[in-house]
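Engineer: the following block contains a protein sequence and its predicted model.
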Amino acid sequence: MIISVVIATRDRAPLLEATLNALGEQRSPGCPVEILIVDNGSVDGTAAVVAAAARRSLTPITYLTEEKSGKSHALNSAVGHARGDVLAFTDDDVLPSPGWLAAYARTFAETGADYAAGRILPLWEAPPPRWLTPTLHGVLAIPDGGTERLALTGIHDQVMPIGANMAIRRHVLDRIGGWNPDLGKLKNTLRTGEDHEFALRLLAAGFAGVYEPEASVLHRVPADRLRLSYFARWCYGNGEIEASLEQDYPTTGRYLFGVPRYLWRRLGNDMVRAATGIATADPGRSTAGAMRVAWFAGYLKGRWNRPLHHAGAPPQAPVISRSARW
């Protein structure tokens, strides 16, 4: 086995340096490792940080550039250069634990899984506000799947592979392709969806996954993301993207005004949750409900701007539950 570690970056030189330092402290996974850094248009000291890390690293570090803006383009570029039969993905604001790669190597050897997702824990740059409960942690890409290894078969909706911490066998990428360049983060945007659309393709293709808690990382949470305005914008935008995914990956065969019926029911529950939270002075409950309502508003916009082309779920399209991701 050869493991290729892939990181896409842009204008985060100090954070990337910390990530590379953490990778330099990895325990041996018992197989060769390479690190690929894909610079997606940085104008800071990113190149110098990578060069300095490469000089002191015992693990080969390759510096790549991708001119097409967008994280998805950067990841796809790295996949084309990677030598590994397992590719481990993380971000430039993440600190992998010392046993991160060893845990992934052990997991693939013991389970034969096609892909794996690791545990993500928050590294708060400011104390989290009272209204921020684990229900909303997915907005910050810090969902904690717990301490037990799980088989991922599409039913554990609380554990989905995301770019901050996942590993994939090469044959999977050869089969389903890389990340959708129409989705994913661009500079100064909150555009999302690339990881989720990729995960849906994994499930639709029938690949077997594993959640491995020992492959853990710390994901930085900047103070400027701990604001209600950030959460509202993210939820609204994510709702729009989820609506577009309904076209190819339907979650039901029953729709009302082009929207899955279960989402209308959930909207009512979320509105009650928000109102109850206000009435009982429970900021966590009221905020969670309000953010779900914002998500639904974005979903409505996305769905009504792109009507469904099918009356229900076509036989060839698997119905995949997406009811508990954040």
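Structural biologist: Done, it's in. Here the structure is a predicted model, which is why all the values come from computation and not from measurement.
Engineer: how about low-confidence regions in this structure?
Structural biologist: When residues are selected by pLDDT under 70, those of the chain lie in 154-158, 186-191, 307-326.
Engineer: just the strands in this structure please.
Structural biologist: 3-9, 33-39, 61-65, 86-91, 94-96, 115-124, 150-152, 165-169, 209-221, 255-256, 259-260 (DSSP state E).
Engineer: the first one pairs with which strands, parallel or anti?
Structural biologist: With DSSP bridges as the test, strand 3-9 is paired with strand 33-39 (parallel), strand 86-91 (parallel).
Engineer: then the fifth one?
Structural biologist: According to DSSP bridges, strand 94-96 forms sheet pairs with strand 209-221 (antiparallel).
Engineer: export the strands paired with strand 3-9 as TSV, with columns for distance to I278 and mean neighbour count.
Structural biologist: Just so you know, the C-beta spots here come from the backbone N, C-alpha and C atoms, and that holds for glycine as well. TSV is the format used below for the strands paired with strand 3-9 (distance: least, CB to CB, whole Å; neighbours: other CB atoms under 10 Å):
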stretch	distance to I278	mean neighbour count
strand 33-39	45	22
strand 86-91	35	24
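Engineer: could you dump the strands of the chain into TSV and include distance to T133?
Structural biologist: Converted to TSV, these look like this (distance: least, CB to CB, whole Å):
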stretch	distance to T133
strand 3-9	30
strand 33-39	34
strand 61-65	39
strand 86-91	23
strand 94-96	22
strand 115-124	13
strand 150-152	22
strand 165-169	21
strand 209-221	14
strand 255-256	30
strand 259-260	25
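Engineer: and S72, which of these is closest to it?
Structural biologist: strand 3-9 (8.8 Å; CB to CB).
Engineer: my read: A22 touches D92, true?
Structural biologist: No. With contacts counted by CB atoms under 8 Å, A22 stays clear of D92, the gap being 11.2 Å.
Engineer: between these two, which is the more surrounded one?
Structural biologist: Using other CB atoms under 10 Å, the more surrounded residue of A22 and D92 is D92, with 25 against 18.
Engineer: quick check: the more buried one vs Y63, distance?
Structural biologist: Relative to Y63, D92 is positioned 13 Å away (CB to CB, to the nearest Å).
Engineer: what does G30 give?
Structural biologist: From G30 to Y63 the distance is 26 Å (CB to CB).
Engineer: these two: who's more crowded?
Structural biologist: Taking other CB under 10 Å, G30 and Y63 do not tie; Y63 has more neighbours (16 against 13).
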